[in-house]
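**Q** Predicted coordinates and the sequence they were generated for:
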Amino acid sequence: MTDQTRSNLVQGTASAMADPRPLIEAYLRKRTDLVRFFTLRTGSPSAAEDIVQDLYLKIQASAPPGDLQSPEAYLYRMGSNVMLDRIKQQRRQDNREQRWGRETSVIDGGEPVVDEPAAEDAITSRQRLAKLVAAVENLPPQVATAFRLQKFEGLSHKEVADRLGVSRSAVEKYLMSALKALLAKVD
């Protein structure tokens, strides 16, 4: 490709892309009207402000077509496209949330049930857990270790006995002692 051909291509591309200043000037003149227009369409002044702001960002990011006859009409068309994109995005989000809600909700007798404990129950459970943790910490060291290995790590009585170097019978006694102490603290 020769330098002349390259120069012609660059000039042709530059002339195909119009100067964005008339569009920005039209935006600045019509901004209030645009907000009013999209407020009526969306029913929300804040949504209209967002659309008009997104419209400005789009104007800044791309050059208008070279044969632009009416910058105002072009602004309204671009704004309508932004509004439609937002509506589609909101619908997709609503559909995702509804689908997630249907898949994760519990229904009892046709009524949705909250799948979490009541606040009072959660507080009571936390208090009980705190008492249990304190009670386990106050157990004699061998008893506490046997309890943790069997209940938290899931080891069998034999595995706990092997790890502690005691008999299986001793592990059973440790566990019984731990359970008695814990039950006394919780009740």
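**A** Structure's in. What do you need?

**Q** rest of the way, CA atoms for contacts and neighbours
**A** Will do.

**Q** Who are the packing partners of the host helix or strand of Gln98?
**A** According to DSSP states H and E, Gln98 maps onto helix 71-104. Using 3 or more CA pairs under 8 Å, 6 or more residues apart in numbering; DSSP states H and E, the elements in contact with helix 71-104 are helix 21-42, helix 45-61.

**Q** I'd like to check the angle between that helix and helix 45-61, please.
**A** Helix 71-104 runs at 120 degrees relative to helix 45-61, counting by axes from the mean of the first three to the mean of the last three CA atoms, to 10 degrees.

**Q** What's the mean pLDDT across helix 71-104?
**A** In this model, helix 71-104 has a mean pLDDT of 90.

**Q** If you count neighbours, what's buried in it?
**A** By neighbour count, with 16 or more other CA atoms under 10 Å as the criterion, the buried positions of helix 71-104 are Pro71, Glu72, Tyr74, Leu75, Tyr76, Met78, Gly79, Ser80, Val82, Met83.

**Q** a markdown table for the helices and strands packed on helix 71-104, including mean neighbour count?
**A** Putting those into a markdown table (neighbours: other CA atoms under 10 Å) gives the following:
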| stretch | mean neighbour count |
| --- | --- |
| helix 21-42 | 16 |
| helix 45-61 | 17 |
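
**Q** Export those helices to JSON lines and append columns for distance to Gln98.
**A** Below are these laid out as JSON lines (distance: least, CA to CA, whole Å):
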{"stretch": "helix 21-42", "distance to Gln98": "22"}
{"stretch": "helix 45-61", "distance to Gln98": "22"}
